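[1] Sequence first, predicted model second:
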Amino acid sequence: MKKLLTSLAITATLAGCTPAGVKDLPSEDFDKNFLFSQSYDEVWSNTVEWFAMNNIPINSMEKDSGLISSNHGLSPSFRVINCGQPTGNVGLYSANFESIQSNINILVRRVGPNKTRATVNVFGSSAITVRNGYGNVVSSASARCVSTGNLEASYSQFIKKN
C-alpha cells in the first residue's frame, strides 16, 4: 500500500497541474478613428447596413447620440478578437477558451456638412477552463480580449465604398 501511495504521489508530481490563465495577449496597434467625406445620415445608414451585412446583432441603436452597440458570442476560431493563449493544465489536459463574447461599439459624430467621424471600439472577454479527464472544471479564470483590427478595417472599407 505504501508503494502504491508513493507511486501515485510521484505520478501526480510528474503529470503536473497549473492553474488556468492566459499569456501572449497582444497590444492594439491600429486605427480606430475614421473620417469620412459623407454626411452623418449617409454614414449612419451605411453603419447599420454594415452590421446587417456582417450578421452582427445590434443591441442598442440611438441615432441622436450616434451610438450603435453589439454584444455577441463567438467561436474560438473567429478572428475578431484575440484573447492570447490559454495556459494551465491537469496532467495531459490543457486549458481552453470557453464562452467568448465580443462587444462592438461604434460612435458616429458630425464634423461638418459632408464630414463625419466614426470611432470603432471592439473588445471582449472569455472564460478559460482546465477540465480533468471526467470533464469536471478543476481550474478557471477570465480573460480580457483585445481587437485584432479586422472589424475596424472592414468597417472603414465598407463605409468608404458606399
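    Sure thing, it's come through.

[2] Where does pLDDT dip in this structure?
    1-16, 74-78 (pLDDT under 70).

[3] let's see it at 50
    4-14 (pLDDT under 50).

[4] Okay, strands next: where are they in this protein?
    Listed in chain order, the strands of the chain (DSSP state E) span residues 17-23, 33-36, 60-62, 67-74, 81-82, 85-90, 93-94, 96-112, 115-131, 137-147.

[5] Reformat those into CSV and put mean neighbour count and distance to Ser156 next to each item.
    Any C-beta I mention is one placed from the backbone N, CA and C, and that applies to glycine too. Output for the strands of the chain, formatted as CSV (neighbours: other Cβ atoms under 10 Å; distance: least, Cβ to Cβ, whole Å):
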stretch, mean neighbour count, distance to Ser156
strand 17-23, 16, 29
strand 33-36, 16, 5
strand 60-62, 12, 20
strand 67-74, 16, 15
strand 81-82, 20, 18
strand 85-90, 19, 29
strand 93-94, 16, 37
strand 96-112, 17, 11
strand 115-131, 20, 8
strand 137-147, 17, 13
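
[6] now for the ones you listed, which one comes closest to Ser154?
    Nearest to Ser154 among the strands of the chain is strand 115-131 (9.5 Å), distances taken as Cβ to Cβ.

[7] Can you give the strand pairings for that closest one, parallel or anti for each?
    Paired strands of strand 115-131, with direction, are strand 33-36 (antiparallel), strand 96-112 (antiparallel), strand 137-147 (antiparallel) (DSSP bridges).

[8] right, and the strands of the chain - which one's nearest Tyr155?
    With Cβ to Cβ as the measure, strand 115-131 is the member of these nearest Tyr155 (5.4 Å).

[9] so what's Glu98 up against?
    126-129 (Cβ atoms under 8 Å, 6 or more residues apart in numbering).
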